[in-house]
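[1] Take a look and give me a structure for this.
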Amino acid sequence: MLVIGLSFLASAQAPSITVIAREGRKPLPITSINSQDYVAVDDVNAAFATTSREDRLAGGLTITARGRSIVLTENQNVVSVAGRLVTLPAPPLRRDGKWFVPAEFLPRALSAALDVRLDLRRSARLLIVGDLRVPRVVARIDAGANNVAVTFDITPNTETRVNQQPGRLIVQFDADALDLSIPLVPQQAFVQNITPGDTPTTITVTLGPRYALHRVTNSQPDAGSGRLTIDLMPATTDVAPVPAPPAAAPDTRLVIPAQGPSTGLRTVVIDPGHGGDELGTQGAKGTIEKEITLSVARRLRTLIESRLGLKVFLTREDDRTMPHDDRSAFANNHRADVFLSIHANSAVRPTVRGAEVYYLTVERAEAEARKKADENATTLPALGGGNRAIDLILWETAQARYLEQSATLAGFIEQSLRARIDMSPRAVQQAPFRVLVGANMPAALVEIGYLSNAEQEGQLATASYQDQVAQALLDALIKFREFLEH
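    A predicted model of the protein is given here:
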């Protein structure tokens, strides 16, 4: 079994794919051509024990894998695998006497010829070959005044063990390898560093001088994932006692699920538009909105987790149908501080182009909507006597109290996008998008370009354009976090 990770080495070295087998690993070079990752057919042959034969008269190449033939034609993105046609996102190319295939050739064409499952994870640059267990592990660090929580979100759920050694904790995963994302460690005195362990299935947490003891908690946020939380604490005498609240607290408000304007940025929910039966818009060359939005959402999640160390959730992790209200409900249930819905646009005129940012327009007068959101409260009996105020937020007015912050967020997004990609003449607008109505936090919808525009369709399908969009959205979130904290 192999795991192939599309990972870039140090800048002084050529980019390569790291081929990981149970007995070791070796590099497989990649070449960037037209903003796509390509692999030389000669290197594919060496890595997978395939053979190739060129037909120069026909301008084609035949790769033989386990007795099955893959027929390639230069500059044609449709290949034949044992007589079955397979489409690639980019065509095979011949450069300086060598043939190159896009990286997606491995899971789309070679997988069928070898009769081996290949799972390409573009955001993590990983290709899982066969039935290896390689869970996605995303680490985050929440630093408090008297403790630090190190959390690992694991997809799919995997058994873990935490072993203490002098000066460090070793987290062991019941897996064959890890698809790992580790953020920068903030300055504090409980944990100095988090790094991949000495084996492919471990993570090392290097402890700081204030660490004295830890507590391990396992939970399961949903059916397909798990969560391991390690609370790092000082000696007991280091922690000031917290006085217990009075039994009856009639003035305490129970917020469902958030109250008033946001004051910090800890959790972000990203909504990849459409999915499943809802394709969204489609370009003339077949580019589908639901695929573009999921790819951008995954790239953005990786950036936020690695650069900011925030909690990030996607409303959908795969190709599934999801109603609009369920998307904002998902953000509410995860107590998000920001909700971003990502889409691609379409217009009747093919010349229309450029990204656009939207925040909600409330159909009725804003003052009336805000009044309803603030006044719609009731009281319930509290244990020990008295009453407790319960804030019941009407679905149709949930976003009303956040319109100012949503407008600010949309402005930051527009500024950051404009620095990287083309913008529409009407770059920031208000619209009654259903997906934003029930969001009980600052929210914006981003149309990242027009698939109805031939040039923009080509751009939207490239990794480089998607990376630019994701980086711009990250920049906007950094500005918005600074705005909330000041």
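
[2] Output the contacting helices and strands for whichever strand or helix holds Arg94.
    If you go by DSSP states H and E, Arg94 is part of strand 93-95. Counting contacts by 3 or more CB pairs under 8 Å, 6 or more residues apart in numbering; DSSP states H and E, strand 93-95 is packed against strand 98-102. C-beta here means a position set from N, CA and C on the backbone, and glycine is covered the same way.

[3] quick one: strands adjacent to the strand it packs on?
    Next to strand 98-102 in the sheet, as set by DSSP bridges, lie strand 36-40 (antiparallel), strand 93-95 (antiparallel).

[4] Throw those into CSV and include mean neighbour count and mean pLDDT, thanks.
    CSV is the format used below for the strands paired with strand 98-102 (neighbours: other CB atoms under 10 Å; pLDDT from 0 to 100):
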stretch, mean neighbour count, mean pLDDT
strand 36-40, 21, 92
strand 93-95, 15, 93
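
[5] can you tell which of those is closest to Arg168?
    Closest approach to Arg168 among these (CB to CB): strand 36-40, 35.5 Å.

[6] Could you point out the helix or strand that follows the closest one?
    Strand 36-40 is succeeded, C-terminally, by helix 41-48 (DSSP H and E).

[7] For that next one, give me every contacting residue.
    19, 26, 28-29, 50-52, 61, 63, 65, 98-101, 105-106, 110, 114 (CB atoms under 8 Å, 6 or more residues apart in numbering).

[8] what's the answer for stretch 420-432, then?
    Under CB under 8 Å, 6+ apart, the answer for stretch 420-432 is 352-363, 410-411, 414, 417-418, 445, 448-449, 456, 459, 465, 468-469, 471-472.

[9] Mind checking the pLDDT average for it?
    Stretch 420-432 shows a mean pLDDT of 92.

[10] Test my guess that Phe173 contacts Pro156.
    No. Contact criterion CB atoms under 8 Å: Phe173 and Pro156 do not qualify, at 11.4 Å.

[11] quick one: common contacting residues for those two?
    Common neighbours of Phe173 and Pro156 are listed as Pro135 (criterion: CB under 8 Å, 6+ apart).

[12] about what we covered before: switch the strands paired with strand 98-102 over to CSV; also include distance to Glu317.
    Formatted as CSV, the strands paired with strand 98-102 follow (distance: least, CB to CB, whole Å):
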stretch, distance to Glu317
strand 36-40, 23
strand 93-95, 33
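
[13] Which one of these lies nearest to Thr302?
    Nearest to Thr302, of all the strands paired with strand 98-102, is strand 36-40, at 16.3 Å by CB to CB.

[14] and the angle from that closest one to helix 41-48?
    Strand 36-40 and helix 41-48 meet at an angle of 70 degrees, taking axes from the mean of the first three to the mean of the last three CA atoms, to 10 degrees as the criterion.

[15] what about strand 36-40, distance to the chain center?
    23 Å (CA atoms, centre = their mean, to the nearest Å).

[16] now swap in stretch 124-134 and tell me
    17 Å.

[17] for the record, mean pLDDT for that stretch?
    pLDDT averaged over stretch 124-134 gives 80.

[18] hang on, the earlier thing: among the contacts of helix 41-48, which ones are in strands?
    If you go by DSSP state E, these have 19, 26, 28-29, 51-52, 61, 63, 65, 98-101 in strands.

[19] low-scoring pLDDT stretches of the protein, where are they?
    1-14, 21-24, 123, 236-263, 362-398 (pLDDT under 70).

[20] can you give me the helices in it?
    41-48, 105, 111-114, 289-307, 324-333, 366-375, 403-418, 434-437, 454-460, 463-485 (DSSP state H).

[21] now what about the longest one, what contacts it?
    This means helix 463-485. 35-37, 122, 262-265, 268, 292, 295-296, 299-300, 302-304, 307-308, 337-338, 340, 355, 405, 408-409, 412-413, 415-417, 419-421, 442, 446, 448-449, 459-460.

[22] From these, keep the buried residues only.
    Among the contacts of helix 463-485, those scoring as buried are 36-37, 122, 262, 265, 268, 292, 295-296, 299-300, 302-304, 308, 337-338, 340, 355, 405, 408-409, 412-413, 415-417, 420-421, 442, 446, 448-449, 459-460 (criterion: 16 or more other CB atoms under 10 Å).

[23] which of the contacts of helix 41-48 are buried?
    19, 28, 50, 52, 61, 63, 65, 99-101, 105-106, 110, 114.

[24] my guess is Trp99 contacts Phe105, does it?
    No. With contact defined as CB under 8 Å, Trp99 and Phe105 do not form a contacting pair (10.7 Å).
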